[in-house]
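*Asks:* Give me coordinates for this.
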Amino acid sequence: MNRPLRKPATLFKRRARNGWFHLRRQTPGKDDILAQPWLQPVRPYLSDDRLWALERQSVARGVAMGLFMGLLMPVAQILFAVAGAAVIRGHVPISAACTLVTNPFTVPPIYYAAYQLGDQLLPASLDFSSFTFEAHNWLADGINWAITHGAPLMTGLLVIAAVSAVLGYLAVHLCWRSKTPRTP
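*Replies:* Residues are numbered from 1 along each chain as shown. Below you'll find the predicted structure:
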């Protein structure tokens, strides 16, 4: 008995769909996440269903908040992104996932670009020499470095984070497929 071969597109769609359903089964849902005992103080703020629904506006807000906090904050990015998403009614899981734009591989080029951008944006007349300390120990060296290089770095990070958030917000709106049928 010869069985006809499946079309490659059908086979690919079936594999992709099965992979998606497998991933969906393995990830915890809203109720599983909110059942964690350490989330009890913030549970009332995160229990709103609109924070977990896949809607264009909430996803766009979540992407914007996740990119902004992911690029701006060096630590506790996910915590700040989730808190910000709850405040602006953005999608909480997508906001947390978008903070992963910064990782050990992407931080050095992002911080280098941010420093270069901040150095170009800040006026050359900005003088930090009055803030320098005696550089005879590691703490004073660290403080001197943070004072002289911190302002351009933070300025560049703020600009990159704001531009990325706006572009992410607009990209979601442009790429989101409309569910209303188009009439010819």
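
*Asks:* Do a quick rundown of the helices in the chain.
*Replies:* 8-26, 30-34, 43-46, 56-72, 77-88, 92-98, 107-121, 138-175 (DSSP state H).

*Asks:* hey, which of these is tucked in deepest?
*Replies:* Highest mean neighbour count among the helices of the chain (mean count of other Cβ atoms under 10 Å): helix 56-72, with a mean of 25. Bear in mind the C-beta positions are built from the backbone N, C-alpha and C, glycine included.

*Asks:* low-scoring pLDDT stretches of this protein, where are they?
*Replies:* Within the chain, the segments meeting pLDDT under 70 span 1-28, 30, 39, 124-136, 138, 178-184.

*Asks:* one more time with 80, if that's ok
*Replies:* Within the chain, the stretches with pLDDT under 80 are 1-52, 123-149, 177-184.

*Asks:* what's the first-to-last distance across stretch 45-54?
*Replies:* 18 Å (Cα to Cα, to the nearest Å).

*Asks:* In that stretch, which residues are buried?
*Replies:* 46, 51-52 (16 or more other Cβ atoms under 10 Å).

*Asks:* got the contact list for that stretch?
*Replies:* Stretch 45-54 is contacted by residues 30, 34, 39, 58, 82, 85-86, 89-93 when judged by Cβ atoms under 8 Å, 6 or more residues apart in numbering.
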